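>>> only geometry, no sequence info:
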């Protein structure tokens, strides 16, 4: 008869080297902690992805001279034969359009914020703002895939999967990588999301992101069927446990022990997930700070609050997607709605984390897959639109070892090209991994004969961003 | 070995084994062998000989290869460690002299300046690796070619007591490792194992009973006969190929439209059912379209290379994606047939394997010679090239229509031949007045384009109608109205007259072109069949016409010399005398005969085609821009006078004028026009049949449009130019290359031409190819044992794993080729081995010595695949629908998943009703951006790229699926009904039935006790809350069959669910 050893015990023993047990745990996203390469600043990531590509020009990259250039043709010296998407490549004229919104400086860094982000402006001193992000891709699918997996083409693991693989799971009865999606109040998103964005690529599928949804089953198939109560479920699982143990004795396969443990964890998840999503015991004042949407399940605000609760419970990578930023037209009408969705909740999230002393080891990142063009799509119009723009865009990070209250990088007067300190997506990934205690060149997985990395063969840690 | 030989079963069952499942354990053929082995084992193991291929090359390639390997651009100090001469010349290695070998000092150094590999490379050597390198140098530092690039050698089967060649090899290795094989699995376990392996489904109790009752020595063989003949076998084999072939029902990427590649999946199943030899299997999928007289199913097979993702996102650069698609074909082909990861060489010379970047693009060029057209997300059907493949039902309907059509045509023909007397009588009966009324009559078809609105277009023939495709902009014309053509608009007319090469005809049209580069006035032409048919074009202002059977070797072309003006109305008329000569064609513009040149003059055969008449376009190209009006087709060669009449917008007095010619002076063509007019306009019987025929043709065309579109390979007439792409980028072409295979392999030689895909496919299946057969047998080995003889089944290259049993792998590969690539024989060969039939019990000792069971001292034991787990639950419960093939189906799925990710949330998943809920997992609709969650949870890949090997993970999410997915809850309910129905009145009998169904054995008393306690608890619970029982039983669409009361059925359903969740149920053991 085998010893009944728990998975934690298995883990403790891997170091001493039972190959059998090590092989059991390999690639198991629900297994325990794995040591990082060096002492980490951040233990976890909250990624507030703004899907569709928010306009940097309307939000945080203030360009006062655009008022002067408004309506004039974008000079060739600026455009430099830039690759265009098929949506504007037929356009004959490229008139510069000044954003319709007012800007103001905030905080010690004097960072500029548009009037659309009054709450975010208040946490200016927590933010490490990067105005010089750039990406190789100009279409949604490759660009968002690049941001999430380090490659424009499908097939690679996403950031969260790499983290689960690299650092293991320290969450209590929760997966290490959780994904939440919200729909923007602007127009319905005219670009898709894809399961691959939280997929594990060639890593074992237990590292893939688990979607947390609003409604009866926050995790797919979480709830017991109607008519089957917890007591009966427990009895059933007891029976199952006994039967599986008989089989373990007979077959001697340790995989059965793992299976037994996974049923136990599933049972515990059935309690831990509803406990996680039940925010009724959060203080009223705190709920208010996240804004009125926090009471709407599935909203960005509700997801921000859940992100904090997931972070508290040790989840490694908490990925939010907020859809609806692809403003090819009707931008002045839509972008205020999108901003209203996110502004108060994201500021509240930063404050909430800070208040709990969690901001230091939680890396919060905000941004889309690219920015938007300074020229109008469809020409000069009152209710203008902007096309995709990969040459520069703005992202911000907070906590987790990033230097607060700084602005990194600069774009030209048109907000079209980077003039100082460009930061590539690979550099961003390398720097984030560094904060998590991982050397991006050593976090590798061999697949089809090659050692793959999140950063492919690129990426440089940008030390100036680190506090 | 495959074929007749395997009829001898090496394992003799105890004759009485039907009565006790334990008994046959006691009489295993392994046992006498073991005693022999222990006697022959060497007492002391010799100091191990280092094997370069197994031990050293992986170190050199993984730790040193980036700087001292094949890639010149990154090579440091001009030192290559992968080439012995270079390593010795540079004194990195001095054979048998550790002190003199610089490599040794460098790997042992602690000085970061000297240490190799350098610390910044982050690829440090382990102590064991250092020892191996030193031992190898001491032993003489011999190099050898990588094992997988040498042809497999069929070594002699080791001489030991094993009767089956596989066992002989396995025993040989076990003896060396001092391990004992396991006893044979008991009969029920073996039956379940082999049934799951060969069909993906569990055996039924009747099958178990039959096997237990069969005391003949070939009982197991008979089971194999039954299983290999089962359609379920073909499905199971096909299922395993779907990941490799990245088969899916949508395009992937942002828009992720539906596609209909499933006729390929059905071809795949069919190919396994008819035991298509593996060489044909490979050739047809890679190059079926290039086979001489390729049949439809061979073209269907090539969809294998078109299953790749396809991006329709607005604004992508088509060439960028075309290159990605071709790279995907290279990647897939190399991975699944060659077991090589070639994609490394896309951007630079391969760091590990001997494949240069140039060779990559030579290989690449085999796969890029198809149109690979971009497609739009609006109304996506397929990206060209694609073909329409009828379903079984559609094929039957098509045959019926065609039979009807032949009948009608016969009727019309015979009426035509028998109508002369009636026609003459009619002619005689005509009054002068009646004759005058016939002025202008006599065209076979007139499309006057006088509509005011809409897309319907009337013609002079009631039975023939046309349709405007694109915008319908009607306006004033030359005669009445006209239609405007914007470059996308055209008119399609079905059942328009078609001509033989030797029938005279004329075609006239009024045209107001607004451009003159290259436009079609009208055509009836089949682009895909050598341009058969005719067209009337405007080429840089000159009028031209093609009359074609097969261009250019069987067709003619005539072009006018003088351009005509744009932005003005012109009448264009082509006349043809049926001589099959260019000289028989005349072109009139505005009533004047135009001087013309004959530029091709080879027409020999018919122009007949089923393609519709197009006004304003040729086939799918050359759209007209401007206005067109009044197309007329005549069944004879019009005269110059007629041309002038038409140009003056006067009616052509055709029939009237012909009737004026005395009968005896009429030419046969003139008489034919009169006869045709009589038949069409006067003879009611003929008109009725003709209308019926037109209707049949219309139905046929509609039916063809409903055939699923299948993206396939279709070689361009002229291969594209191929270039090395610098850094793999589509827009950075470098050196020009021609198709070819890497130099490391046996040459692919063709004479006096460039090798194409078919040459490549044929080269892959040459018997001496080092990889094809090895990779194939290894994949099947993995199917049965969970791990390949080469674990990295997708990588036989330098970084791949050395085979656990290299001689066995080679023997199997050679045997597979010798058997003429007989797939079923190979399966039989593997599953008849005693190695396969061992008990899978794992002792503590065996687990410690060989945790992964690479030495095969026990039978396989692992969790079933995602699809199999579901299929099993459906089969165990009796829900499984056994229909094969057809469009993919949508079983239960949680609501809202598609809306979460799709563009404008427009994708909505609507689950099937009835049968579609219960088909095998391989038929589940596969949406790439949101794959079926129940399958994904059990490690199915998302099918965006080729995946050769699935991981097997074990997560709590899997437990949640099996506990709570309606699929499994419904299966539990149906299994409960079965237990009550088949298990008799005793509770123990009911549990026994469920166990037999689920795990193919009877439960022990202990197991029965546990489940009955649960049943009692559950029953008590449901008795106190009958409503709970009712809701619990309401899951799933299938009706309640049992008459048992709710509480009792619900309690049994809880038991059934427990059994469906057993590790044993979801594992092969």
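Noted; the coordinates are in hand. Keep in mind the model is a prediction, meaning the values are calculated, not measured.

>>> contacts and neighbour counts: CA atoms only from here.
Noted.

>>> over stretch A:403-413, what's the mean pLDDT, rounded is fine.
For stretch A:403-413, the mean per-residue pLDDT is 96.

>>> return the distance of that stretch from the chain's centre.
Computed by Cα atoms, centre = their mean, to the nearest Å, the chain-centroid distance of stretch A:403-413 equals 21 Å.

>>> may I have the distance across it, first residue to last?
Distance between the two ends of stretch A:403-413: 26 Å, counting by Cα to Cα, to the nearest Å.

>>> give me the buried positions along that stretch.
Residues of stretch A:403-413 classed as buried by neighbour count (16 or more other Cα atoms under 10 Å in any protein chain shown): A:403-411, A:413.

>>> low-confidence ranges in the chain?
Assuming you mean chain A. A:1-31, A:83-87, A:89, A:188-191 (pLDDT under 70).

>>> nope, chain B please
B:1-48, B:439-440, B:905, B:1042.

>>> and it, what are its domain boundaries?
For chain B, automatic domain parsing gives the domain ranges B:4-29+B:163-229+B:778-839, B:52-145, B:277-389+B:714-766, B:443-651, B:964-1068.

>>> export the ones you listed to CSV and tack on distance to residue B:252 and mean neighbour count?
Formatted as CSV, the domains of chain B follow (distance: least, Cα to Cα, whole Å; neighbours: other Cα atoms under 10 Å in any protein chain shown):
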stretch, distance to residue B:252, mean neighbour count
domain B:4-29+B:163-229+B:778-839, 23, 20
domain B:52-145, 34, 17
domain B:277-389+B:714-766, 5, 20
domain B:443-651, 26, 20
domain B:964-1068, 26, 21
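
>>> and of the ones you listed, who's closest to chain A?
domain B:277-389+B:714-766 (3.1 Å; Cα to the nearest Cα).

>>> quick check, nearest of the buried residues of stretch A:403-413 to chain B?
residue A:411 (25.2 Å).

>>> could you list every residue that touches the residue nearest to the closest one when sequence neighbours are not counted?
Leaving aside its chain neighbours, residue A:411 sits nearest to residue A:418 (4.1 Å; criterion: Cα to Cα, 6 or more residues apart in numbering or on different chains). Contacts for residue A:418 (Cα atoms under 8 Å, 6 or more residues apart in numbering or on different chains) come out as A:132, A:391-392, A:409-412.

>>> dump those to a markdown table, plus secondary structure and distance to residue A:280.
Output for the contacts of residue A:418, formatted as a markdown table (DSSP: H, G, I helix; E, B strand; the rest coil; distance: Cα to Cα, whole Å):
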| residue | secondary structure | distance to residue A:280 |
| --- | --- | --- |
| A:132 | strand | 41 |
| A:391 | coil | 44 |
| A:392 | coil | 42 |
| A:409 | coil | 42 |
| A:410 | strand | 44 |
| A:411 | strand | 45 |
| A:412 | coil | 48 |
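
>>> what's the most distant pair in those?
Greatest spatial distance among the contacts of residue A:418 (Cα to Cα): A:391 and A:409, at 12.8 Å.

>>> are we agreed that residue B:742 is in a helix?
No. Remark: residue B:742 does not belong to a helix; assigned using DSSP: H, G, I helix; E, B strand; the rest coil, it is coil.

>>> could you pull up phi and psi at the nearest residue to it once chain neighbours are set aside?
Once flanking residues are discounted, residue B:742 sits nearest to residue B:359: 5.3 Å by Cα to Cα, 6+ apart. Dihedral angles of residue B:359 (phi, psi; degrees, to the nearest 10) stand at phi -70, psi -30.

>>> just checking, residue B:359 touches residue B:745?
No. Residue B:359 lies out of contact with residue B:745 (Cα atoms under 8 Å); the separation is 11.3 Å.

>>> hang on, the earlier thing: the residue nearest to residue A:411 and chain B: what is the separation?
With distances taken as Cα to the nearest Cα, to the nearest Å, residue A:418 is found 24 Å from chain B.
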